[in-house]
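S.K.: Using only what follows, build the 3D model:
(one chain, ligands or ions: 2)
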Amino acid sequence: MTTEHNNFDDQDRIANGSNSRRTFMKTTGLTAFGALLGMTIPFERNIQSGFIPVALAQDTGVDLMAAKNGLVVLGDRPLNAEVPAHLLDDDITPYERLFVRMNGLVPQTALDQNAENWILTIDGEVETTLELTLEDLKSRFENVTSRLVIECGGNGRAFFQPGASGNQWTIGAVGCPEWTGVRLADVLNEAGVKDSAVYTGHYGNDVHLNGDDEKDVISRGVPIDKALQQDAIIAWAMNGEPLPALHGFPLRLIVPGYPASVSQKYLNRIWVRNQEHDGAKMTGD
Ligand SMILES: Nc1nc2c(c(=O)[nH]1)N[C@H]1C(S)=C(S)[C@@H](COP(=O)(O)O)O[C@H]1N2
Ligand SMILES: [Mo]
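M.R.: Ligands and ions are numbered 1, 2, ... in the order given. Got it, this is the predicted structure:
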């Protein structure tokens, strides 16, 4: 079982969808699962085939999905869940009805709701590198609130013919909460974007599924012209509350009009590039 892949956006073939997990279960056994988890699964002989040991999900000590009980969970490592269409009826999508798309594990800072030492770095093709605390963002730039749609690039994939690998989203990987933050353009202009700037590259502190701290879970970006438009924001609040752990606490990008994969959660760095960004899940098919 490997989580090594270089595919575009959501194409996590093996560690992800319940379909592939089931296949995996059929072709291996619980003993193999135990080996994978580095432990023995007690009473494994008594466990029904097809049962997914809960130890495979991220053990956070809290039920991250508690308030989202109407959602359909597509996979638990990484955690992915979509919203049944009949629950997508609000003008402003509430927390309870916002889909969840994790490519890695929720970082501890988000679970603890601890933003004390959070720094957002803006570097690369800029006149001045900025290192901003949450307080800096809130006090030095105009605060804006907008309702903006985020939609996973994989939304609708379940209906593809021929089928496509990755999470089998039907039509529920979309939402329109109200976001509060500052304009991405204002922050980039404060840093002073050089003529050599071509693209942004976004980084967060979520943890790779294989636990490797050196590896980025996902790092995508947008053309600099898009980043400098007035609509994209660096948000710290959703529907008037600090960003929830699943949705990017303490900071995330919201870039409307683009696949939501560029709307980086747990945002701690924007690298302004002199070439098209080539971060994790930017390259490949
Ligand atoms: N740091 C980080 N940002 C991320 C992701 C991620 O796995 N890690 N997933 C991306 C993808 S593919 C999507 S569709 C959206 C999902 O946002 P949501 O989980 O808040 O609904 O976040 C994007 N930003
Ligand atoms: Mo996505």
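S.K.: Count residues in the vicinity of the nearest residue to W179 once chain neighbours are set aside, would you?
M.R.: Once flanking residues are discounted, W179 sits nearest to A235: 4.1 Å by Cβ to Cβ, 6 or more residues apart in numbering. The way it works is simple: take the backbone N, C-alpha and C, and place the C-beta from them, glycine included. By the measure other Cβ atoms under 10 Å, the count of residues near A235 is 29.
S.K.: Would you confirm that A235 contacts R183?
M.R.: No. A235 is beyond contact range of R183, at 10.6 Å (criterion: Cβ atoms under 8 Å).
S.K.: Contact residues of the protein facing ligand 2?
M.R.: 101, 152, 261 (Cβ under 5 Å from the ion).
S.K.: Per-residue pLDDT of the second one, please?
M.R.: According to the per-residue confidence, C152 scores 98 in pLDDT.
S.K.: Number the chain from 51, please
M.R.: From this message on, residue numbering opens at 51, which makes the last subject C202.
S.K.: so what's the spatially closest residue to it that is not a sequence neighbour up against?
M.R.: The shortest distance from C202 to any non-neighbouring residue, by Cβ to Cβ, 6+ apart, is to A223 (3.8 Å). Neighbour list for A223: 132-133, 149, 151, 201-202, 204-205, 217, 310 [criterion: Cβ atoms under 8 Å, 6 or more residues apart in numbering].
S.K.: Phi and psi next, for A223.
M.R.: phi -100, psi 50 (degrees, to the nearest 10).
S.K.: Just the buried subset of the contacts of A223, please.
M.R.: Neighbour-count burial within those applies to 132-133, 149, 151, 201-202, 204-205, 217, 310; the criterion is 16 or more other Cβ atoms under 10 Å.
S.K.: and which of those is nearest ligand 2?
M.R.: Ranked by distance to ligand 2 (Cβ to the ion), the buried ones among the contacts of A223 are led by C202 at 3.3 Å.
S.K.: count of residues packed around R207?
M.R.: R207 has 20 nearby residues by other Cβ under 10 Å.
S.K.: That one contacts I221, correct?
M.R.: No. R207 is not in contact with I221 according to Cβ under 8 Å; the separation is 10.1 Å.
S.K.: quick one on the thing from earlier: and the residue nearest to W229, bridged to which residues?
M.R.: Beta-bridge pairing for A285 (DSSP bridges): G231, R302.
S.K.: Export the contacts of A223 as JSON lines, with columns for secondary structure and distance to L296.
M.R.: Shown next, in JSON lines, are the contacts of A223 (DSSP: H, G, I helix; E, B strand; the rest coil; distance: Cβ to Cβ, whole Å):
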{"residue": "E132", "secondary structure": "strand", "distance to L296": "13"}
{"residue": "V133", "secondary structure": "coil", "distance to L296": "13"}
{"residue": "F149", "secondary structure": "coil", "distance to L296": "10"}
{"residue": "R151", "secondary structure": "strand", "distance to L296": "9"}
{"residue": "E201", "secondary structure": "strand", "distance to L296": "17"}
{"residue": "C202", "secondary structure": "coil", "distance to L296": "14"}
{"residue": "G204", "secondary structure": "coil", "distance to L296": "17"}
{"residue": "N205", "secondary structure": "coil", "distance to L296": "17"}
{"residue": "N217", "secondary structure": "coil", "distance to L296": "15"}
{"residue": "A310", "secondary structure": "helix", "distance to L296": "13"}
